[in-house]
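# output the structure for:
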Amino acid sequence: MLRTTSSAIVRFTRSLPTAGVPLARGSLPSSSTLILPASPSPQSPLPTSRGMTILSKESAEEYKKENYTTRMAKTRRPVSPHVTIYSFPICAISSITTRVTGCVLSFGAAGIGLVEIFGGNGAALSLMQYIGSGGLGGVGFLGAGVVVAGAKFSVAFPFAYHYLGGLRHLVWDGKPEMLTNVEVEKASYALIGGSILLGSLAAVL
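Residues are numbered from 1 along each chain as shown. Alright, predicted model coming up:
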């Protein structure tokens, strides 16, 4: 058993690099000698290790109580600014608006369905006729007209925008060469302007 262990140590130490001192031919290190590799020089590309930070139980509890802003304030390092300070490009605004109008249309359709379910047959139609006739009120004829126009625009704009946005993506799917920064920006302005125009026309009809 001892011989096996000794020979294993000899084979292990033979495989280790020496500290810059070559061994003579045919010589083997003794089993009691431990040969360590040479320590890296200051110019060595090997990464240096970082010391471990040990927190006590009390400091760990205090750390949990502090939010990110408080911890960063103690370090006096700048905090990454909030997303609201950035200026969104028109392409991002048009893409986000497509999703928002889709949600508005979905909730609106669900609301009309619920009115019809709980109000009985024809309840949704009666509600829309009531809103269209100015039943929601307003100061005088002009006020009632503004309410009616606003109600119509709130329905027409999301529908027109989401429909035109779908057509835009359908065109892009067929012609991906149009997906350039300049063309996408032009299409975004056209989408927003066209939807506002169609919504305004529907509001005054």
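# any stretches of this structure with poor pLDDT?
1-55, 63, 78-84, 135-143 (pLDDT under 70).
# tell me which other helices or strands the helix ranked longest in the chain touches.
Longest helix of the chain, by residue count under DSSP state H: helix 140-174. Helices and strands touching helix 140-174, by 3 or more C-beta pairs under 8 Å, 6 or more residues apart in numbering; DSSP states H and E, are helix 90-119, helix 123-132, helix 181-204. All C-beta atoms are positioned from the backbone trio N, CA, C, and that covers glycine.
# buried residues, that helix. List them.
The neighbour-count check on helix 140-174 (16 or more other C-beta atoms under 10 Å) flags 144, 147-148, 151-153, 155-162, 164-165, 168 as buried.
# likewise stretch 108-120?
If you call a residue buried by 16+ other C-beta under 10 Å, then stretch 108-120 has these buried ones: V115.
# list the contacts of that stretch.
With C-beta atoms under 8 Å, 6 or more residues apart in numbering as the contact definition, stretch 108-120 has outside contacts at 122-124, 126-127, 155, 158.
# run the last query once more with 6 Å
123-124, 127 (C-beta atoms under 6 Å, 6 or more residues apart in numbering).
# drop anything exposed from the residues you listed.
The buried subset of the contacts of stretch 108-120 - by 16+ other C-beta under 10 Å - is 124, 127.
# make CSV from the contacts of stretch 108-120 and add distance to L114 to it.
Converted to CSV, the contacts of stretch 108-120 look like this (distance: C-beta to C-beta, whole Å):
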residue, distance to L114
A123, 10
A124, 9
L127, 11
